[in-house]
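Enquirer: no FASTA, just this:
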């Protein structure tokens, strides 16, 4: 998608066009999800935050001064929501440790459960290796080699120049063996968003739009 096309979609979405915003969601959903997952390290929580980020962005589009600044603006929304969710999870964990909440005992588990645990352990090992990179190097690697984003779009999303992004990719790949990068690419396919993610986000956007309209009419 060319920048002019994206700017046009953002402009239409500002006017309440949910179809235009659906195209924006499809373009950026994996990026937003990756932003949340990097902070939360939990697939379900990251998906919830990603959906909330798009609904929040749709509700706040009129506050966006320039359409071309949409990518870093969206990333900031996702990051802030993920940090809020992380704080909530830590508070919840503190209550559990204090004995206020008791987790149910784990069952014996089926063969499927055992396979899932093995897959989770493998994915955790890959994430550990990728996480050994600094934030500056890890995120470009995730965006370009896991989410298959172009260097131009990844640079725009991170708010840096394409030259700076290429340098970070070069440095990141030097620190990771080719075999580990391939393992990471395969493992992170598990964490792709479901096919109906954009539709669910749009449903949330439409509900918020209807609720706002009702509130305005009652005033």
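Expert: Everything's here; your move. Only a predicted model underlies this, so the values are computations on that prediction, with no experimental measurement involved. Numbering: from 1, shown residues only.

Enquirer: any idea how far residue 165 lies from residue 67?
Expert: Counting by CB to CB, to the nearest Å, the gap from residue 165 to residue 67 is 22 Å. Glycine gets a C-beta too; all of them are placed from N, C-alpha and C.

Enquirer: Apologies, that question was intended for residue 61.
Expert: Counting by CB to CB, the gap from residue 61 to residue 67 is 9 Å.

Enquirer: just checking, residue 9 touches residue 25?
Expert: No. Look at residue 9 against residue 25 with CB atoms under 8 Å: they stay out of range, at 10.3 Å.

Enquirer: In the protein, mark out all the helices, start to finish.
Expert: Using DSSP state H, the helices of the chain run over residues 3-14, 18-40, 43-60, 70-97, 111-131, 135-141, 151-158, 162-175, 178-187, 197-218.

Enquirer: Now render these as JSON lines, adding mean neighbour count and mean pLDDT.
Expert: Converted to JSON lines, the helices of the chain look like this (neighbours: other CB atoms under 10 Å; pLDDT from 0 to 100):
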{"stretch": "helix 3-14", "mean neighbour count": "16", "mean pLDDT": "89"}
{"stretch": "helix 18-40", "mean neighbour count": "21", "mean pLDDT": "91"}
{"stretch": "helix 43-60", "mean neighbour count": "20", "mean pLDDT": "94"}
{"stretch": "helix 70-97", "mean neighbour count": "16", "mean pLDDT": "85"}
{"stretch": "helix 111-131", "mean neighbour count": "13", "mean pLDDT": "68"}
{"stretch": "helix 135-141", "mean neighbour count": "19", "mean pLDDT": "87"}
{"stretch": "helix 151-158", "mean neighbour count": "20", "mean pLDDT": "91"}
{"stretch": "helix 162-175", "mean neighbour count": "16", "mean pLDDT": "90"}
{"stretch": "helix 178-187", "mean neighbour count": "15", "mean pLDDT": "61"}
{"stretch": "helix 197-218", "mean neighbour count": "14", "mean pLDDT": "81"}
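
Enquirer: Need the contact partners of stretch 200-217.
Expert: With CB atoms under 8 Å, 6 or more residues apart in numbering as the test, stretch 200-217 has contacts from 16, 18, 21-22, 25, 29, 51, 54-55, 58-59.

Enquirer: and the most centrally placed residue in the chain, what is it in contact with?
Expert: Centroid-nearest residue in the chain: residue 33, 1.4 Å away (criterion: CA atoms, centre = their mean). The contact partners of residue 33, taken as CB under 8 Å, 6+ apart, are 46-47, 50, 191, 193.
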